[in-house]
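K.L.:
Return a 3D structure for these sequence lines:
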Amino acid sequence: MSNIGIEILLGQLKAAHDGLEQTMEGVTDKVAQFMPPGTANPIAGTYAHVVFTEDLFVHRFLKKNQPLFETTFKDKTGASEVQPLDWQIAYPKWLKEVNLDVQKFREYAKAVFAESEEYVASLTDADLEKEADLSSFGMGTRKVYDFIANLMSGHVYPIMGEISVLKGIQGLKEYPF
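P.N.:
Predicted coordinates for the structure are as follows:
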């Protein structure tokens, strides 16, 4: 990849972050906690999932340090609890039960997204070709460029769709466009 590759990845990530944050406009704490019928999750769990996951993935797996929810934002994310790493039992329950102070959590999200974008902007071509080991999550290894394009940027768009539907069910404007 060349610098244009890094610029493309960074542009995709920024667009995903901006779109998600625009989609969250108008979401109050009450709207975020609304429990939809069926097996869908509330906005609170859905939004928190995408932000906590990006924080964890960028810091722990790419930068090899502690996520913001363990450092700068420890006990200050605006979530009643951090996303559990037990994907089989605790995580599905957490998605339904986590409470958010939406405004406070959006400040945390802004910090996570800024760190992610700064990280991507700092990469070199050689960095993009490195492997990120996600075997602890059952995802094997991924090239850093694939990790950014699919597990970060690509992860946000379906979440935007879920949040938009949940807003629409509650009579709010769905997508921002």
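
K.L.:
Just the pLDDT for residue 139.
P.N.:
Predicted confidence (pLDDT) for residue 139: 85.

K.L.:
State the number of residues packed around residue 21.
P.N.:
Applying other CB atoms under 10 Å, we find 17 residues neighbouring residue 21. Placement of C-beta: from N, CA and C, glycine included.

K.L.:
Tell me the helices and strands packed up against the one helix or strand it maps to.
P.N.:
Element membership of residue 21, judged by DSSP states H and E, is helix 3-23. On a contact count with 3 or more CB pairs under 8 Å, 6 or more residues apart in numbering; DSSP states H and E, helix 3-23 meets helix 102-122, helix 125-129, helix 154-169.

K.L.:
Pipe the ones you listed into JSON lines and attach distance to residue 137 per row.
P.N.:
Below are those laid out as JSON lines (distance: least, CB to CB, whole Å):
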{"stretch": "helix 102-122", "distance to residue 137": "18"}
{"stretch": "helix 125-129", "distance to residue 137": "21"}
{"stretch": "helix 154-169", "distance to residue 137": "13"}
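
K.L.:
Save these as JSON lines, and put in mean neighbour count, mean pLDDT and distance to residue 72 too.
P.N.:
Below are these laid out as JSON lines (neighbours: other CB atoms under 10 Å; pLDDT from 0 to 100; distance: least, CB to CB, whole Å):
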{"stretch": "helix 102-122", "mean neighbour count": "18", "mean pLDDT": "98", "distance to residue 72": "7"}
{"stretch": "helix 125-129", "mean neighbour count": "13", "mean pLDDT": "93", "distance to residue 72": "24"}
{"stretch": "helix 154-169", "mean neighbour count": "17", "mean pLDDT": "96", "distance to residue 72": "22"}
